[in-house]
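S.K.: Okay, structure incoming, though there's no sequence with it:
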Ligand SMILES: C[S@@+](CC[C@H](N)C(=O)[O-])C[C@H]1O[C@@H](n2cnc3c(N)ncnc32)[C@H](O)[C@@H]1O
């Protein structure tokens with residue numbers, strides 16, 4: 001695993017692209033949430049070490065930090081982060097995702113996590129719940145900012161963040177249909193045939209979107225805005241690849257349970273054979289865009 005970090009200048013904002021295959025609205029309900037909980041990869045320990053170092057996170061009971069995971073999904077960030085802070089609040093508008101997060105926390109024995117139904121627009125309402133002398137140590141947003149209003153959100157978070165704490169906008173690799181490899185291109189082609197249109201969503205991972213987020217952090221008064229990159233190699237079995245894909249298709253666009261085996265069979269037929277028993281090789285680049293208060 002390698003990691004590097006560089007300051008980010010503040011370029012002009014640019015338009016965000018459409019979010020996901022299928023409809024442009026986030027819908028992680030029902031089976032999509034179940035696929036998410038089972039198949040979406042989490043984050044390696046280097047991510048949490050970097051967060052703890054950057055924001056000086058404190059896990060002591062009573063005096064330690066409060067963390068907010070905005071768009072927490074089924075807890076991929078919130079659960080490991082809980083070990084580095086006093087309490088983590090997972091906020092998400094999808095009840096099925098929150099239910100998955102709660103179940104995962106119970107299984108992992110994580111007791112210092114709370115799960116709240118809400119969106120980025122509800123962040124100002126959190127102010128009343130936060131202790132005045134010890135507001136947020138860190139807010140993490142993993143693979144979710146493309147559904148939010150970054151400018152308003154960062155402006156709301158800035159006064160709720162303790163000095164030295166901050167915000168981390170995290171991208172967990174590129175979507176499985178948006179990579180350079182032969183298998184990713186084959187998957188994209190099969191999806192374009194199914195949906196009948198180009199699949200271009202980068203889900204907040206492309207350079208233009210990251211630059212817009214960096215500019216919004218700076219405009220909201222966060223400083224030392226920088227991008228830290230963590231690279232590692234992974235592999236996806238065909239089941240993991242399809243499970244990961246199905247976790248990203250809005251519930252309204254996911255083929256019905258009766259039609260799904262045929263859909264999955266068409267996708268498998270379009271893919272090359274996995275080159276190794278471990279599956280399709282995937283270089284994973286995690287990007288942590290951080291700004292400090
Ligand atoms: C791709 S998942 C990311 C889950 C997790 N953070 C991760 O890193 O894997 C995106 C999540 O953002 C949530 N979401 C969508 N719109 C949101 C909004 N306006 N405010 C907060 N969360 C939102 C979705 O319900 C979904 O659970």
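M.R.: That came through, no problem. Just so it is clear, the model here is predicted, and its values are computed rather than measured. Residues are numbered from 1 along each chain as shown.

S.K.: Helices of the stretch 51-200 of the chain, residue ranges please.
M.R.: Along the stretch 51-200 of the chain, the segments classed as helices by DSSP state H, counting those that start in this stretch run 78-81, 95-108, 123-126, 150-157, 182-195.

S.K.: The ligand: which of these is closest?
M.R.: The ligand lies closest to helix 95-108 among the helices of the stretch 51-200 of the chain, at 4.1 Å (Cβ to the nearest ligand atom). Quick note: C-beta positions are derived from backbone N, CA and C, even for glycine.

S.K.: In terms of secondary structure, what does the closest one contact?
M.R.: Using 3 or more Cβ pairs under 8 Å, 6 or more residues apart in numbering; DSSP states H and E, the elements in contact with helix 95-108 are helix 31-39, helix 78-81, strand 87-92, strand 113-117.

S.K.: follow-up on the earlier one: quick check: which of the helices of the stretch 51-200 of the chain is buried the most?
M.R.: Highest mean neighbour count among those (mean count of other Cβ atoms under 10 Å): helix 78-81, with a mean of 25.

S.K.: got the contact list for whichever residue of the stretch 101-250 of the chain sits closest to the ligand?
M.R.: Per Cβ to the nearest ligand atom, residue 142 is where the stretch 101-250 of the chain lies closest to the ligand, at 2.7 Å. Applying Cβ atoms under 8 Å, 6 or more residues apart in numbering, we find residue 142 in contact with 43, 69, 71, 73, 76-77, 170-172.

S.K.: if we can go back for a sec, and the helices of the stretch 51-200 of the chain as a markdown table, adding distance to residue 288 and mean pLDDT?
M.R.: Listed next are the helices of the stretch 51-200 of the chain as a markdown table, based on distance: least, Cβ to Cβ, whole Å; pLDDT from 0 to 100:
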| stretch | distance to residue 288 | mean pLDDT |
| --- | --- | --- |
| helix 78-81 | 12 | 98 |
| helix 95-108 | 21 | 97 |
| helix 123-126 | 20 | 93 |
| helix 150-157 | 15 | 96 |
| helix 182-195 | 23 | 95 |
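
S.K.: Could you dump the ones you listed into a markdown table with distance to the ligand added?
M.R.: Listed next are these as a markdown table, based on distance: least, Cβ to the nearest ligand atom, whole Å:
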| stretch | distance to the ligand |
| --- | --- |
| helix 78-81 | 8 |
| helix 95-108 | 4 |
| helix 123-126 | 9 |
| helix 150-157 | 8 |
| helix 182-195 | 17 |
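
S.K.: that older thread, quick one: which of the helices and strands packed on helix 95-108 is nearest residue 47?
M.R.: helix 78-81 (7.9 Å; Cβ to Cβ).

S.K.: So which elements touch the closest one?
M.R.: helix 45-55, strand 66-70, strand 87-92, helix 95-108, strand 136-142.

S.K.: contact partners of the third one?
M.R.: Counting by Cβ under 8 Å, 6+ apart, the neighbours of strand 87-92 from elsewhere in the structure are 64, 66-73, 75, 78, 81-82, 98, 101, 112-119, 122-123, 126.

S.K.: State the number of residues packed around the nearest residue in space to residue 243 that is not next to it in sequence.
M.R.: Of all residues not flanking residue 243 in the chain, residue 39 sits nearest, at 3.1 Å (Cβ to Cβ, 6 or more residues apart in numbering). The number of residues packed near residue 39 is 18, by other Cβ atoms under 10 Å.

S.K.: Endpoint to endpoint, stretch 87-96 covers what distance?
M.R.: This stretch, stretch 87-96, spans 22 Å end to end (Cα to Cα, to the nearest Å).

S.K.: Report the buried residues of it.
M.R.: When neighbours are counted by 16 or more other Cβ atoms under 10 Å, the buried residues of stretch 87-96 are found to be 87-94, 96.

S.K.: of those, closest to the ligand?
M.R.: Relative to the ligand, the closest of the buried residues of stretch 87-96 is residue 94; by Cβ to the nearest ligand atom it sits at 3.7 Å.
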